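Undergrad: fold the following for me, if possible:
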Amino acid sequence: MFRKTPLTIATALAVTLGSQASAFASDTAHNVRDHRKVVEKTVRDHRSLRKNEVVKVSRKDCRVGYENLRRIGYKHIVMFNCSGAKYKYIAHKDAAIWQASMHAYSGTMQLHYMGPVPTH
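TA: Numbering: from 1, shown residues only. All right, here's what the predicted structure looks like:
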């Protein structure tokens, strides 16, 4: 009744192959990452630690430790190591020799009793 011409056969074949190809593509689409999607940007808290983060912290001057010792009553203060992470001092107070060290970045001081002042 109907005559199938080569043109209608080609059209029917193209439609069936096209529908199969789109079905195949939709099956694999969930495995492929779509880079066109808009990704929400997360704001990172700057206070959290990162292994490769470099933070510049200023060092305190060696003279700051000297002035702190002078202010709390030490006399004859000698600064003898003003490099590195700890500054070292020797001072006299109440007929005793004390060794002080100050952390170069935080400014915290530690005092150690070394002994009585020698008399001549």
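Undergrad: going forward, measure contacts and count neighbours with C-alpha atoms only.
TA: Fine.
Undergrad: helix, strand, or coil at residue 8?
TA: Put simply, residue 8 is helix when judged by DSSP: H, G, I helix; E, B strand; the rest coil.
Undergrad: try residue 14
TA: Per three-state DSSP, residue 14 ends up helix.
Undergrad: secondary structure class for residue 11?
TA: Residue 11, by the three-state scheme (three-state DSSP), is helix.
Undergrad: how near is it to residue 5?
TA: 10 Å (C-alpha to C-alpha, to the nearest Å).
Undergrad: dump the residue contacts of the nearest residue to residue 59 once chain neighbours are set aside.
TA: Leaving aside its sequence neighbours, residue 59 sits nearest to residue 105 (C-alpha to C-alpha, 6 or more residues apart in numbering; 4.8 Å). For residue 105, the contacting residues are 57, 58, 59, 60, 85, by C-alpha atoms under 8 Å, 6 or more residues apart in numbering.
Undergrad: of those residues, which is the most crowded?
TA: Neighbour counts for these, by other C-alpha atoms under 10 Å, peak at residue 60, which reaches 15 neighbours.
Undergrad: dihedrals phi and psi, that one?
TA: phi -80, psi 150 (degrees, to the nearest 10).
Undergrad: more neighbours, residue 11 and residue 5?
TA: Using other C-alpha under 10 Å as the criterion, residue 11 and residue 5 rank with residue 11 on top: 11 against 8.
Undergrad: can you check the pLDDT for that one?
TA: With respect to pLDDT, residue 11 scores 74.
Undergrad: ranges for the helices of this structure?
TA: With helices called from DSSP state H, the chain shows them at 6-28, 62-71.
Undergrad: hey, least reliable of those helices by pLDDT?
TA: Ranked by mean pLDDT, the helices of the chain bottom out at helix 6-28, with a mean of 62.
Undergrad: pLDDT weak spots in this structure?
TA: Applying pLDDT under 70 to the chain picks out residues 1-4, 7, 13, 15-56.
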